[in-house]
Each structure stands twice: as structure tokens, then as C-alpha cells.
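1. Below are the sequence and a predicted model for it; my questions follow.
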Amino acid sequence: MISKLNDMPEKNCNEYLKDEAAVIKAIGHFVRLKLLLAIETKRCMVKGLVECVEEEQPIVSQQLAVLRKSKTIEGIKKGNTIYYKIIDPTVKQIIGILAEKYKKQ
């Protein structure tokens, strides 16, 4: 990785790292991690996310908004129901690793 960073112009490297830091910050919150795990492993509908993560509805809505803004998730509407999916491949990998670790405990 260091050689790749060294090969990049400093401006591009800094922009890349700022973007990655923003995503890490977005997923680095306890409730958002629970939401991402629920979205990835339980495939909960929006209505069910409150129960899946055992948090109040306004908190869930607020944290989903942060994840949408960071382009980590997107909502897919099917009829009157919205499902979320993780669209950032790196986040998907991280959540997959956490899900595996969680299953082993």
C-alpha cells in the first residue's frame, strides 16, 4: 500500500484518504455498526430495523441518514417497503468480517 500511496500525486492521495476517513467515521458508531450488521445479515426492512437493533425509531432514522449521506447504503423501494443495502464494497467486506466474528462468539 505504501508504494501505491507514494506513486500517487499528493493531492490525489490526500483526497482519497479524506474520502476513506469520512466513510470510516460514518461506520465507526455503535448504532450504525448495528444497523449495517442488521442490513447485511438479517436483511431487515426499515420498519424492522428498529426491532433488529433495539434502538428508538428517531435514532435509527438519524443514523440511517448518516449512512446514506456517506454513500455507504442506499434504499431500495419495493411497493410501500424500503430495504437498505450496503453499496460501498469496502464497508461490505468490513461488515462481513464483523458478522463472522460475531457468529463465533
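-> Thanks, I have it. Numbers count the residues shown, from 1 in each chain.
2. Which residue ranges of the protein form helices?
-> 2-7, 10-27, 30-37, 46-53, 57-69, 89-104 (DSSP state H).
3. and among those, the most buried is which?
-> Most buried of the helices of the chain by mean neighbour count (mean count of other C-beta atoms under 10 Å) is helix 30-37; its value is a mean of 19. Placement of C-beta: from N, CA and C, glycine included.
4. What pLDDT is listed against the nearest residue to residue 92 once chain neighbours are set aside?
-> In space, and not counting its chain neighbours, residue 92 is closest to residue 86: 4.6 Å by C-beta to C-beta, 6 or more residues apart in numbering. pLDDT for residue 86: 95.
5. check contacts around residue 86.
-> By C-beta atoms under 8 Å, 6 or more residues apart in numbering, residue 86 lies in contact with 36, 39-40, 72-73, 92, 95.
6. Would you mind giving the helices of the chain as CSV with mean pLDDT added?
-> Listed next are the helices of the chain as CSV, based on pLDDT from 0 to 100:
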stretch, mean pLDDT
helix 2-7, 57
helix 10-27, 83
helix 30-37, 95
helix 46-53, 86
helix 57-69, 94
helix 89-104, 89
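7. between those helices, which gets nearest to residue 78?
-> Relative to residue 78, the nearest member of the helices of the chain by C-beta to C-beta is helix 46-53, separated by 11.2 Å.
8. so how far is the closest one from its chain's centroid?
-> Chain-centre distance of helix 46-53: 15 Å, with C-alpha atoms, centre = their mean, to the nearest Å.
9. other SSEs contacting it?
-> helix 30-37, helix 57-69, strand 81-86 (3 or more C-beta pairs under 8 Å, 6 or more residues apart in numbering; DSSP states H and E).
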